[in-house]
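J.: Just the structure for this:
(chains A and B)
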Amino acid sequence: MMNRFSNPTQTAVFRYDKTFEGLLCALFDAYVRHTFPEQLIGPEEPIPLFTQQIHEVLTRTEAAERVWKGLKRKLGSNVRRMLVFAWLSEEEGSDTLLLRYMRKTFDTPASIIGVFTDSDVLQVKKIAQKVAKEKERLIQFVRFQKAGDGSYFAPVSPLYNVLPLSLGYFTDRFADQRWLLYDTKRRYGYYYDLKQPLEVTLEEDGPLLEGWLSDDLCAADEHLFQERWKSYFQAVTIRERLHPQLHRQLMPRRFWKYLPEKQSYQ
Amino acid sequence: MKDSLREKLEILAESAKYDVSCASSGTTRKHKNGQIGSAHGWGICHSFTEDGRCVSLLKIMLTNYCIYDCAYCINRRSNDLRRATFTIAELVELTVEFYRRNYIEGLFLSSGVIRNPDYTMERLVRVARQLREVEHFNGYLHLKSIPGASRELVAKAGRYADRLSINLEIAKEENLKRLAPEKDHASIFRPMSYISQGFLESAEDRRRLRHAPRFAPAGQSTQMIVGASDETDREILTLSSTLYTRPSMKRVYYSGYIPINDYDRRLPTQQPPLAREHRLYQADWLMRFYGFRSNEIVDERYPNLDLEIDPKLSWALRHPECFPVDINRADYELILRVPGIGVKSAQLIVTARRYHRVTASMLRKMGVVMKRAQYFLQCLELPALGINELNPRIVRQRLITPAQRRQSPNQLTLVFPNE
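T.: Next comes the predicted model:
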């Protein structure tokens, strides 16, 4: 792999606004400045020790679009999707990893997408897989509660920021009902008004943030169906073959708080 | 207020739970205007019971009254248990309400046999029709086909359902007749072939007319009880591999026998080891995704699966002449046969080796289980202590003894050939 930018005597740090567009601009600036950052930091983060150079990345739509267009030329839609998935993992260091990945994509004449012997390529794939898994789990474990006005509400708090990725499923399947999906950890959600999902933010300390609709907001038969579902869930369990470890592995504990079948009392 | 519907739900779910089939895969349907829901190609499990099985469909019986007296079944007529019957409206309401809350992917409806097979089958079809044509339910429907049901009713069921299934239950006919005197294999295979025919005819029609109606687009499945009678694994697996040659057969499920009717002298009192069911599923996977034939997994000399090691490892130990496999040269099919390498890592290896030689440390990163794979591989730096240098007996011993003394991979070990 070519290494025309790295300069061992200098550690460069780029500060950007922690958006995906900002990340693309950071790559753009790296090529313009012929300096490749060792580390990326967010707006509030302190400058690390031994930093010799700090560059503030300005997020510009046109620069981001140019980088994305360049990526489109070199990567298929599946791989670009993988990059977005890895980005939404919000994991420590995943931004620097993505930056290295994109740089390798541009610097290598041949495609790098299958070079799993390169640890960056394998790592991006693995993170994207973890995010995809979490997205799948979100879809599995969302439980809508019916409100008095006939709309449906479900709280979520996934490990990674996968709510936007799962919208396709919900708009298709529940196209004929109004619903609100709300990420209680990241404090934003989507409201579907029978046409398209719109991003919404609820005011702090609202009644929905606890996750369960209160009795006055609930539809009249909501508790009845939750109880029925709970009884069904208990009835289909084969008592002779309990396997709590497998149960937790398939349905991790962090999802239980919003599952009616795992509530002892409501 | 007592919720009588909830009680019915409990009774009929209890009765349905021993049917292991759960898949909601095989059909993709987008949402259409004026309809409820969609179907998701690979199926979604919405919950998991405490015994670790998935809950994807609302698995329920229409009624648990039954005129039959099959020894292995909880709903046999001589069992004293609470009985209940759903009305069509109740069942439809439950399905739609659960579905709208994202609890389920659809409905898996089965029934005890009342009056005669056709009468029962007709009632199942009526529920399906109500859901599809009145409620415009677009989610997944799995209908049980009743043994002995007529061709017309199976054809109607296939029009509404995504998947049909009929349970074989016992692999050997003489055992089936002994345990379920009212049933024989013909009464099961006949509806099975109706489903196959309907499936093929519809595929043929749709080739000519794009909007020809679909017939059970997700095919059919079946189930065999393991350990209630004396079948060997070889008999079971040979039968499943024959079943898989049918074009519409998507899944064969194995259900480890649970002594629910322990007063019946025809049944064993002991539950077979759970590992047996697990090994059978592993063998099933080998046949469906790894290109194994059933007679490679079990044969006359080894009619039963090894409970201590998985069937793939067991095959590898019996065939040391196929190893070591050179990870950088061998075909995909051969790489897939190495214990410790699954479909995912095999695909990664085949893609990655086009660019670089693959080394042992990379294999580890790709997710290969080197603890097992190391004896069967050849790559650049792996020490030459494979299955042929040791011998299958020693490799087996090493793999089944729990790892008490974890050795560093850099530590040399001396092996004496006549140990």
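J.: what's the closest non-adjacent residue to A:G76?
T.: Once flanking residues are discounted, A:G76 sits nearest to A:I113: 7.6 Å by Cβ to Cβ, 6 or more residues apart in numbering or on different chains. (Each C-beta comes from the backbone N, C-alpha and C, glycine too.)
J.: And the residue of chain B that's closest to chain A?
T.: As assessed by Cβ to the nearest Cβ, chain A sits closest to B:G52 within chain B, at 3.3 Å.
J.: Next, the contact list for the residue nearest to A:G76, please.
T.: A:I113 is in contact with A:L75, A:G76, A:V79, A:V121, counting by Cβ atoms under 8 Å, 6 or more residues apart in numbering or on different chains.
J.: just to revisit the earlier point, so for the residue of chain B closest to chain A, what's the pLDDT?
T.: We have a pLDDT of 88 for B:G52.
J.: Same check on the one 3 residues further on?
T.: If you check B:V55, the pLDDT there is 92.
J.: How about B:Q407?
T.: We have a pLDDT of 55 for B:Q407.
J.: next one: B:S111
T.: pLDDT recorded at B:S111 is 93.
J.: Excluding covalently adjacent residues, which one is nearest to it?
T.: That would be B:L62: by Cβ to Cβ, 6+ apart, it lies 4.1 Å from B:S111.
J.: residues near that neighbour, how many?
T.: Neighbour count for B:L62, taken as other Cβ atoms under 10 Å in any protein chain shown: 24.
J.: Distance-wise, check it relative to B:E90.
T.: Between B:L62 and B:E90 the computed distance is 10 Å (Cβ to Cβ, to the nearest Å).
J.: Check B:I44 too.
T.: Taking Cβ to Cβ, one finds B:I44 at 25 Å from B:E90.
J.: if you count what's nearby, which of those two comes out ahead?
T.: The neighbour count for B:I44 versus B:E90, taken as other Cβ under 10 Å, is higher for B:I44 (21 against 14).
J.: Need the residues that contact the host helix or strand of A:L180.
T.: Per DSSP states H and E, A:L180 falls inside strand A:179-183. Contact with strand A:179-183 is made by A:142, A:144, A:151-158, A:161, A:163, A:170, A:188-192, A:200, A:202, A:208-209, as judged by Cβ under 8 Å, 6+ apart.
J.: Just those residues: which are in strands?
T.: Among the contacts of strand A:179-183, the members found in strands (DSSP state E) are A:Y152, A:F153, A:A154, A:P155, A:V156, A:Y188, A:G189, A:Y190, A:Y191, A:Y192, A:V200.
J.: Please identify which helix or strand holds the residue of the stretch 101-250 of chain A found nearest chain B.
T.: Closest approach of the stretch 101-250 of chain A to chain B (Cβ to the nearest Cβ) occurs at A:L246, with a separation of 3.3 Å. Here A:L246, judged by DSSP H and E, is contained in helix A:244-250.
J.: quick one on the thing from earlier: can you name the two of the ones in strands among the contacts of strand A:179-183 that sit furthest apart?
T.: Longest distance between any two of the ones in strands among the contacts of strand A:179-183 is 17.9 Å, between A:Y152 and A:Y188; criterion Cβ to Cβ.
J.: Neighbour count for these two, which is higher?
T.: The neighbour comparison of A:Y152 against A:Y188 (other Cβ under 10 Å) goes to A:Y152, with 24 against 16.
J.: partner residues bridging that one?
T.: A:K146, A:W179 (DSSP bridges).
J.: got the contact list for it?
T.: A:Y152 is in contact with A:F144, A:Q145, A:K146, A:F174, A:Q177, A:R178, A:W179, A:L180, B:R100, B:R101, counting by Cβ under 8 Å, 6+ apart.
J.: what about 6 Å?
T.: With contact set as Cβ atoms under 6 Å, 6 or more residues apart in numbering or on different chains, A:Y152 has these partners: A:F144, A:K146, A:Q177, A:W179.
J.: just checking, the second one touches A:H223?
T.: I take that to be A:K146. No - counting by Cβ atoms under 6 Å, A:H223 is not a contact partner of A:K146; they are 10.1 Å apart.
J.: Could you report the neighbour count for A:K230?
T.: Residues near A:K230, counting by other Cβ under 10 Å, number 18.
J.: swap that for A:G70, sorry
T.: For A:G70, the count of nearby residues is 17 (other Cβ under 10 Å).
J.: Now name the helix or strand holding it.
T.: Per DSSP H and E, A:G70 falls inside helix A:61-74.
J.: isn't B:P392 right up against B:L317?
T.: Yes - if you go by Cβ under 6 Å, B:P392 and B:L317 touch, sitting 4.3 Å apart.
J.: if we can go back for a sec, among the contacts of A:Y152, which two are most distant?
T.: A:K146 and A:W179 (9.8 Å).
J.: quick one: contacts for the residue of chain B closest to chain A?
T.: By Cβ under 6 Å, 6+ apart, the residues touching B:G52 are A:H243, A:L246, A:H247.
J.: So for A:L194, what's the nearest residue that isn't a sequence neighbour?
T.: Spatially, and ignoring its direct neighbours in sequence, A:L194 is nearest to A:R178 (6.0 Å; Cβ to Cβ, 6+ apart).
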